[in-house]
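Chemist: sequence first, then the predicted structure:
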Amino acid sequence: MGNSKASRSRFGECDNCARLRLVCSGYTTSPKPHTSGEARPSDRSKRKRTYRSCTACRASKTKCSGERPTCQRCQDKEARCVYAESSQPSWVRRINIHPTADPESCLSETSMPIPSPGNKASGQDGVLGLFDTLPPPQQHQPCPPAEILVDLLSSPLDWLATPHLPSPSRVRTLVDEYFNNIHPLRAFTFIHKPTFLQRLDGELSKDYQRHALLHIICALGAQFFALNYSETIEALPQRAILIAGAQWAKTTQRLILEALDTVTIENLMAAVLLHDYAVRLGNFANAFMLSGITTRMTQALQINLEFNTDILCHDDDGGLSVTEKESRRRLMWSCYVMDALVGSGVDQLTLMDERDIKIQLPCNERNFAQQLPCLTETLSPGSWLKILPGHFEPDALLPNMGIMAYFIRHISIRKRVLRYIKHLGDAIVPWDPESEFSVLDSDCRAWYASLPPSLQFTPAAVYIRKDTSQLGALCLLHCAYYQTICDLYRLGAPALYKLRAAFDFPPEQHDFLRHLQQVLFDAARALASIIGQTARHGPRMLSDSWLPTILYDSCRIMIYHLTQVLDPELESTKSLIITTIPLLQGNINGLRLMGSLNSIANSLCAAAETMLDRSGIESEIVRQNIIPDDPYQPNKAEDPSELSLEPPVQSAPDYVLNPLTIFRMARKSIPERHAPETARTSSAPSSTLYDQSGDFDNPSCGSSNKSRSGETAIESGLGHASLEELQNLFMSDLGWAWQPADTAVGSGTEGAGLLPWAGGYPSAQTESWLPVFPFPQN
């Protein structure tokens with residue numbers, strides 16, 4: 001390029017290379033940076049080369065000047081000048097993205113360069129023309145892995161992989177995808193859709209670039225847009241769907257951190273959604289840190305209190321509108337739900353106390369959308385704010401509550417259940433009518449009985465909620481309930497969950513133990529049934545990031561009950577197995593469907609398939625005799641006198657949390673973490689405890705992780721959560737109360753067998769990438 005007469009330049013590079021931001025091969029010196037006040041030859045020229053012509057010039061096969069918004073020919077003819085929406089060639093975007101960069105280093109970046117207003121590129125539009133700016137070429141831009149970018153850039157969805165938001169029409173499409181799929185889920189309904197769309201057509205359209213909330217909304221909507229494209233037009237790899245919009249999520253994080261000292265409601269909303277996005281892509285360390293940031297932001301904004309005593313907005317004093325007040329309430333409760341799920345009942349990890357939240361529960365969606373002020377109850381059933389006027393009707397509060405309010409109330413019960421499970425050593429025996437177990441069980445049943453008919457999981461409610469884009473929320477509401485029942489009734493399966501300080505059931509409580517086991521099994525079957533009915537309406541109905549772990553736990557419980565609790569030789573058990581196999585297969589199919597929207601779902605799907613296959617249930621050869629008849633007894637290869645289930649000298653959340661919790665996932669990606677003190681366990685010989693508990697830091701294990709760094713960065717999207725590390729957790733039990741030695745994989749201990757709740761480890765497996773399950777020692 002440098003020897004072309006038409007492109008000679010006195011700056012050490014030709015004009016073509018300067019315009020395309022390439023190193024000019026015709027000169028021995030590096031390109032000289034241009035100062036803002038120095039005119040370039042290309043700037044003085046009236047003729048400039050354009051990437052593409054406007055539609056009118058292209059149709060008439062006439063040379064187009066490429067000027068925006070109207071070219072010279074259209075001005076002369078007084079014609080309407082329209083350019084194609086994506087006028088910049090894809091090869092230019094490929095150059096900008098640097099596909100040869102190391103994927104891991106690309107994804108580890110947490111910031112993006114701010115485009116300089118002075119670097120205006122001539123003739124650009126579409127993705128970059130929206131802001132008329134280009135990032136400085138010398139700055140490194142974070143990018144998704146090259147293999148995934150090829151999947152997107154080689155398709156018509158290449159605009160989903162660009163660093164800047166697309167054209168306004170495409171932004172509106174992505175926003176609609178967000179409101180149809182993410183907004184109704186869990187407790188994310190804190191944005192008033194009509195108000196936001198009005199702003200999108202008005203003030204927001206003038207400055208998309210600096211709006212963090214819009215970026216993360218588009219990032220989440222991009223996944224569903226790509227999913228719909230894959231289902232209706234052309235099939236895309238699941239990883240390409242998952243990574244769609246990742247650059248916009250990175251921009252969101254950069255904008256939030258840049259303005260960390262300026263706390264705003266919209267930045268808090270963006271942080272909450274960014275947390276969910278990070279969980280979807282397997283970036284658990286990022287999600288864990290964001291949960292702490294959001295808590296501090298709620299404290300700084302003090303949205304745990306009502307804005308004023310005028311709840312019904314009777315006074316027109318120029319304060320917040322009814323919509324803004326309700327939006328802030330919903331945002332606060334959303335942060336409460338996030339904190340409860342991250343804390344998982346561990347006091348050390350829980351940053352919010354519901355006693356400090358003195359606001360009413362969210363109203364129903366109809367009142368919120370139509371901006372109707374109303375009164376609702378508070379977190380405790382039958383209670384209301386003390387600042388309310390004395391002339392209201394208490395019976396009128398309950399009808400004003402919607403699906404989000406009932407979900408929040410259930411989360412508060414779930415917090416108490418998980419905390420109870422982690423403090424069994426101080427609890428009353430569960431068969432006592434005055435025990436904590438009885439109180440929690442009663443509260444769970446009372447919550448379920450309080451659901452109005454519109455929130456019951458019935459065929460009519462399913463189609464009604466689907467019509468209002470709330471089927472995913474209804475599914476999660478009931479899945480959360482049955483998952484909490486499983487967590488509470490896990491007392492009947494201490495071998496499955498390896499409970500610390502598990503209760504010793506005397507012979508006279510045999511019926512009570514059987515009752516616990518049966519309820520646990522029934523709840524797992526109910527989960528599978530709900531997921532199966534919801535999955536018929538498409539994968540987007542199963543898009544909540546909590547569902548994959550719920551489904552996997554359901555599989556474990558059903559397989560454990562059929563192989564360890566019941567006698568597989570009985571005819572009644574065989575009949576039960578026949579009716580349960582479709583539920584197990586439905587769970588696996590559900591996990592497979594979730595793979596496009598949740599990075600962890602594919603690994604859990606592989607783990608569930610392996611577990612089902614090795615259990616022998618489908619072949620009607622249930623291998624119950626490979627583990628001790630009494631699964632609660634320690635392995636015979638161990639010395640019972642050396643085993644201890646007592647808490648270690650230094651207690652840490654690692655000892656009591658499920659490996660699939662956000663905290664445990666985040667810990668695996670922190671290289672400088674303090675490892676908890678190794679504790680002996682009944683699931684492995686004491687001679688191997690040290691190697692097992694330290695497997696992540698073991699040199700042999702580390703080399704394996706390094707060799708897969710490229711793959712793991714691709715799969716995890718944001719690059720912080722390695723699937724190799726995640727799979728290292730899919731062994732032993734995926735229970736909620738573990739000891740550190742139970743998290744080890746690949747210790748080399750010889751063993752044989754198949755069930756994930758027995759001790760020991762296999763020496764080999766069929767696929768190297770599949771999760772390793774522990775097996776009994778011979």
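Modeler: Looks like it came in fine. Keep in mind that this is a model prediction, so the values were computed, not measured.
Chemist: could you list the low-confidence segments of the stretch 151-300 of the chain?
Modeler: For the stretch 151-300 of the chain, the stretches flagged by pLDDT under 70 are 151-155.
Chemist: and stretch 315-334, what's buried?
Modeler: 322-323, 325-334 (16 or more other Cβ atoms under 10 Å). C-beta coordinates here come from the backbone N, C-alpha and C atoms, glycine included.
Chemist: and those as a markdown table, adding distance to Ala249, secondary structure and pLDDT?
Modeler: Formatted as a markdown table, those follow (distance: Cβ to Cβ, whole Å; DSSP: H, G, I helix; E, B strand; the rest coil; pLDDT from 0 to 100):
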| residue | distance to Ala249 | secondary structure | pLDDT |
| --- | --- | --- | --- |
| Val322 | 32 | helix | 93 |
| Thr323 | 27 | helix | 95 |
| Lys325 | 29 | helix | 95 |
| Glu326 | 27 | helix | 96 |
| Ser327 | 22 | helix | 97 |
| Arg328 | 24 | helix | 97 |
| Arg329 | 26 | helix | 97 |
| Arg330 | 22 | helix | 97 |
| Leu331 | 19 | helix | 97 |
| Met332 | 23 | helix | 97 |
| Trp333 | 23 | helix | 97 |
| Ser334 | 18 | helix | 97 |
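Chemist: for those residues, which one is nearest Ala270?
Modeler: Distance to Ala270, by Cβ to Cβ, is smallest for Leu331 among the buried residues of stretch 315-334, at 10.9 Å.
Chemist: nearest residue to that closest one in space, please, no chain neighbours.
Modeler: Phe190 (4.2 Å; Cβ to Cβ, 6 or more residues apart in numbering).
Chemist: can you check Pro194 too?
Modeler: Leaving aside its sequence neighbours, Pro194 sits nearest to Ala369 (Cβ to Cβ, 6+ apart; 6.8 Å).
Chemist: repeat that for Thr484.
Modeler: Arg414 (4.7 Å).
Chemist: quick check, the residue nearest to Leu331 in contact with Glu324.
Modeler: No: judged on Cβ atoms under 8 Å, Phe190 makes no contact with Glu324 at a distance of 10.9 Å.
Chemist: and this protein, what are its domains?
Modeler: 453-626, 640-743 (automatic domain parsing).
Chemist: mean pLDDT for the ones you listed: which is lowest?
Modeler: With a mean of 42, domain 640-743 has the lowest mean pLDDT of the domains of the chain.
Chemist: Leu257: which of the buried residues of stretch 315-334 is nearest?
Modeler: Leu331 (19.3 Å).
Chemist: quick one: the closest one from Thr189, how far?
Modeler: 10 Å (Cβ to Cβ, to the nearest Å).
Chemist: go on, Asn16?
Modeler: 51 Å.
Chemist: neighbour count winner among the two?
Modeler: Thr189 (26 against 18; other Cβ atoms under 10 Å).
Chemist: part of a helix, is the more buried one?
Modeler: No: Thr189 is assigned coil when assessed by DSSP: H, G, I helix; E, B strand; the rest coil, not a helix.
Chemist: ok, now which ones touch it?
Modeler: 183, 330, 362, 365, 368, 404 (Cβ atoms under 8 Å, 6 or more residues apart in numbering).
Chemist: could you rerun that using 7 Å?
Modeler: 183, 330, 365, 404 (Cβ atoms under 7 Å, 6 or more residues apart in numbering).
Chemist: one more: Leu418?
Modeler: Taking Cβ under 7 Å, 6+ apart, we find Leu418 in contact with 344-345, 487.
Chemist: where does it fall, secondary structure wise?
Modeler: helix 403-421 (DSSP states H and E).
Chemist: same deal with Ser596?
Modeler: Counting by DSSP H and E, Ser596 is part of no helix or strand.
Chemist: Ala219 reaches Gly245, doesn't it?
Modeler: Yes: Ala219 is within contact range of Gly245, at 3.6 Å (criterion: Cβ atoms under 7 Å).
Chemist: helix, strand or coil for Thr580?
Modeler: With three-state DSSP as the criterion, Thr580 reads helix.
Chemist: wait, I meant Glu508
Modeler: Glu508 - assigned by three-state DSSP - is helix.
Chemist: mind listing what it touches?
Modeler: With Cβ under 7 Å, 6+ apart, Glu508 has no contacts at all.
Chemist: that one and Gln370, how far apart?
Modeler: Glu508 is 59 Å from Gln370, by Cβ to Cβ.
Chemist: over to Asp176?
Modeler: Between Asp176 and Gln370 the distance, using Cβ to Cβ, works out to 20 Å.
Chemist: quickly find the element holding Glu324.
Modeler: Here Glu324 is assigned to helix 322-343, by DSSP H and E.
Chemist: what's that helix packed up against?
Modeler: helix 265-280, helix 284-301, helix 403-421 (3 or more Cβ pairs under 7 Å, 6 or more residues apart in numbering; DSSP states H and E).
Chemist: quick one: it to helix 265-280, angle?
Modeler: 30 degrees (axes from the mean of the first three to the mean of the last three Cα atoms, to 10 degrees).
Chemist: report the buried residues of the very next helix or strand once past helix 322-343.
Modeler: Note on helix 322-343: by DSSP H and E, the next helix or strand toward the C-terminus is helix 365-369. Buried residues in helix 365-369, counting neighbours by 16+ other Cβ under 10 Å, are found at 365, 367-368.
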